[in-house]
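K.L.:
Sequence first, predicted coordinates after that:
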Amino acid sequence: MESKVIKNYFDKQFELRYFEMDKFGIASPSTILILLEETAADHCYSINHSLYQLEKQNIGWVLISGFLQMERYPHYKEKIIIRTWLSEYSAIKGFRENIIYDEQGNIIGRAKALWVFFDIERRRPVQILDDIKEKWSFCNRESINYNISKKIESIDNSDFKLKFKVNRYDTDMNKHVNNLRYLQWVTESIPDEIVDNYYLHSIDGRFIAEAHYGQTVASLTKKNKESNTFMHSVKVEGTDNVCATAKTIWKKKETRTHNKM
C-alpha cells in the first residue's frame, strides 16, 4: 500500500486481498467503506495527528453522515487509488471528499462524509486544532454533488428484519460501535435475491446515536416505491433509540465502462 501527499489531495493505493472479496471474487461494499476509513486515518497520520495521538488527548473524529456511490467494485488483486481531500471547514466539522480510481485512471466510485471533531470524554464537539487545518490537503471542489445533511427518516414497519448482538469486535477504541458496523448491519438485512443479482450502487447514511457492547440491535429494511431502493433503520432492541438511518439503491449486475475525471 502506497500513500502520496499532493498539494490539494492525499492519495492512497490498495491492492484488493482475498479476504476482502465476496463469493464472486469482487470487493464487498463493506471493504470499500473500510478502505475509505483507512485512507482518512492515513491522511491524519501523514500530518502527525494520527487517531491514536488524538485519542491520548481525549479528542477524535466522529462520522455524522456519509454517501457512497459505486459504478463497479474492484476484483481480487486489482489495484485502486483512493484520492481524498477536505472541501469545506467550520470551527468543529469538515466535509471529506473521495474519488476511487482503477489502475487505468477510470473513476469507479465517489464518496463524501461529514466529520465532527469531538471531545471523547465530555461527549461534545470541540474546535478543530489549528495545526490540522494548516497541514491538511484542502480543495473547495466536491467529489460529487450530493446533500449529506438532509435528514433520513427512521422506519417503524419493515419488510425485513435481523438482530445482532454487539460484540467486542464491533466496537472502536472508544468502546462504541464503529460507524462501519451500522452500514454492514444495514446491508445484511437485504434479501439474498437482491444481493446475488444486483450490486449496491449507492448508500446514504446518517449516524444518530451510539449502541454499546452487550446490547442487541435490530436492522430494519423496507422496500421503497422506487425499484430496488430500500430504506433502513438500526435501532437498539427493546427501545425507541435509533442509532442510524440509511437509503440504499441497487443496480442489476452488468459490464460497465467508465470515464476519467
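P.N.:
Good, I have the coordinates. Residues are numbered from 1 along each chain as shown.
K.L.:
dump the residue contacts of residue 93.
P.N.:
The contact partners of residue 93, by CB atoms under 8 Å, 6 or more residues apart in numbering, come to 64, 114, 115, 116, 117, 125, 128. (C-beta placed from N, C-alpha, C; glycine too.)
K.L.:
What's the separation between the third one and residue 80?
P.N.:
It refers to residue 115. 22 Å (CB to CB, to the nearest Å).
K.L.:
Likewise for the fifth one?
P.N.:
Using CB to CB, one gets 28 Å for the distance from residue 117 to residue 80.
K.L.:
And residue 69, by the same measure?
P.N.:
15 Å.
K.L.:
which element is residue 196 on?
P.N.:
helix 192-197 (DSSP states H and E).
K.L.:
any idea which helix or strand comes after that helix?
P.N.:
Using DSSP H and E, the helix or strand that follows helix 192-197 in sequence is strand 198-207.
K.L.:
still on that earlier bit, which positions in the helix holding residue 196 come out as buried?
P.N.:
The neighbour-count check on helix 192-197 (16 or more other CB atoms under 10 Å) flags 194, 195 as buried.
K.L.:
all helices of the stretch 101-250 of the chain, in order?
P.N.:
Taking DSSP state H, counting those that start in this stretch as the criterion, the stretch 101-250 of the chain contains helices spanning 130-135, 179-188, 192-197.
K.L.:
Look at the closest residue to residue 110 other than its chain neighbours and report its pLDDT.
P.N.:
Nearest residue to residue 110, sequence neighbours excluded (CB to CB, 6 or more residues apart in numbering): residue 144, at 4.3 Å. Per-residue pLDDT puts residue 144 at 96.
K.L.:
doesn't residue 23 fall inside a strand?
P.N.:
No. Read with DSSP: H, G, I helix; E, B strand; the rest coil, residue 23 is coil and lies in no strand.
K.L.:
For it, list the residues it contacts.
P.N.:
For residue 23, the contact set (CB under 8 Å, 6+ apart) is empty.
K.L.:
what does residue 37 give?
P.N.:
residue 180.
K.L.:
And residue 110, how close does it get to residue 67?
P.N.:
For residue 110 relative to residue 67 (CB to CB), the value is 8 Å.
K.L.:
Mind listing the shared neighbours of those two?
P.N.:
residue 144.
K.L.:
could you pull out the strands for this protein?
P.N.:
Counting by DSSP state E, one finds strands in the chain at the ranges 3-5, 10-15, 59-70, 79-89, 93-101, 107-119, 124-125, 160-165, 198-207, 216-223, 229-236, 242-252.
K.L.:
And those strands: which comes nearest residue 139?
P.N.:
Nearest to residue 139, of all those, is strand 79-89, at 5.0 Å by CB to CB.
K.L.:
Buried residues of the closest one, list them for me.
P.N.:
80, 81, 82, 83, 84, 85, 86.
K.L.:
Give me the packing partners of it, helices and strands only.
P.N.:
strand 10-15, helix 29-46, strand 93-101 (3 or more CB pairs under 8 Å, 6 or more residues apart in numbering; DSSP states H and E).
K.L.:
The first one to helix 29-46, inter-axis angle?
P.N.:
Relative orientation of strand 10-15 versus helix 29-46 (axes from the mean of the first three to the mean of the last three CA atoms, to 10 degrees): 140 degrees.
K.L.:
With distance to residue 26 added, can I get the helices of the stretch 101-250 of the chain in CSV?
P.N.:
Formatted as CSV, these follow (distance: least, CB to CB, whole Å):
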stretch, distance to residue 26
helix 130-135, 36
helix 179-188, 14
helix 192-197, 12
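K.L.:
most packed of the ones you listed?
P.N.:
Across the helices of the stretch 101-250 of the chain, averaging neighbours per residue (mean count of other CB atoms under 10 Å) puts helix 179-188 on top, at a mean of 22.
K.L.:
Next, the angle from that one to strand 229-236.
P.N.:
Angle of helix 179-188 versus strand 229-236, following the same axes, to 10 degrees, is 130 degrees.
K.L.:
before we move on, back to that, quick one: which of the helices and strands packed on strand 79-89 is nearest residue 187?
P.N.:
Nearest of those (CB to CB): helix 29-46, 6.0 Å.
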